[in-house]
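1. okay, here's the prediction I keep looking at, along with the sequence it came from:
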Amino acid sequence: MVSDTVAVGVLTFIGTGLATAAGLWQWQRAQVREARATFRAQRVEALKEVWEALSDLEEAQRTSITRQDPSASPETSRLTQVNLLLLRRSPFLRPDEQEWAQAFAQHVAEIDTLIRAEMRAGRSDADWFERTEVQPAASHVAASAARQLMQLRTKLGERYAAVVRGGSE
């Protein structure tokens, strides 16, 4: 038969192997958990940056329009910054979030362009955008873009709030 020393040695070896495997498994789980936490923090930060950049873009466009100067150029540098931010932070944004943010920026620029064109033509119809009054979609192309802008703002705001709360990863 097998001596007691050999049996104890084999059991010790098996026990050591199992303990090592369990330790390795726990270490791997901790690494995955840490990576998820890091990714989540970076995702929250990316959404925060995108939200703030889009808000700043919209605010700059609205205040630029209120100056009633049709020759003033729109805030194109801010639009470029938003687009570059979306490219830089794309690994942490879902495709729908990127699409919403790009559409948001596009609608802000579209509204700005349309209002400036009206101002150049002598029709000053920018008050509705300045005060965020809702216009019927059929009344003007810019009103339709403004309605879509509000919907996108709501979608992005809800997603940002959900991610900050820890949901909708």
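-> Received it, and whenever you're ready, just let me know what you need. Small disclaimer: the values here were computed from a predicted structure and weren't measured. Numbering: from 1, shown residues only.
2. packing partners of whatever helix or strand K48 lives in?
-> Using DSSP states H and E, K48 falls within helix 4-66. Under the contact definition 3 or more C-beta pairs under 8 Å, 6 or more residues apart in numbering; DSSP states H and E, helix 4-66 sits against helix 76-88, helix 95-120, helix 127-130, helix 141-165. For glycine as for every other residue, the C-beta is placed from the backbone atoms N, C-alpha and C.
3. residue ranges with poor pLDDT in the chain?
-> Low-confidence regions of the chain, defined by pLDDT under 70, span residues 1-2, 67-75, 120-140, 168-169.
4. from the centroid of it, which residue is nearest?
-> L47 (3.5 Å; C-alpha atoms, centre = their mean).
5. skip the chain neighbours and tell me the closest residue to that one.
-> The spatial neighbour of L47 that comes closest, neighbours along the chain excluded (C-beta to C-beta, 6 or more residues apart in numbering), is Y160 at 4.7 Å.
6. list the buried residues in stretch 161-169.
-> Within stretch 161-169, the residues scored as buried using 16 or more other C-beta atoms under 10 Å are V163.
7. and for that stretch, what are the contacting residues?
-> Stretch 161-169 has contacts (C-beta atoms under 8 Å, 6 or more residues apart in numbering) with 40, 43-44, 47-48, 159.
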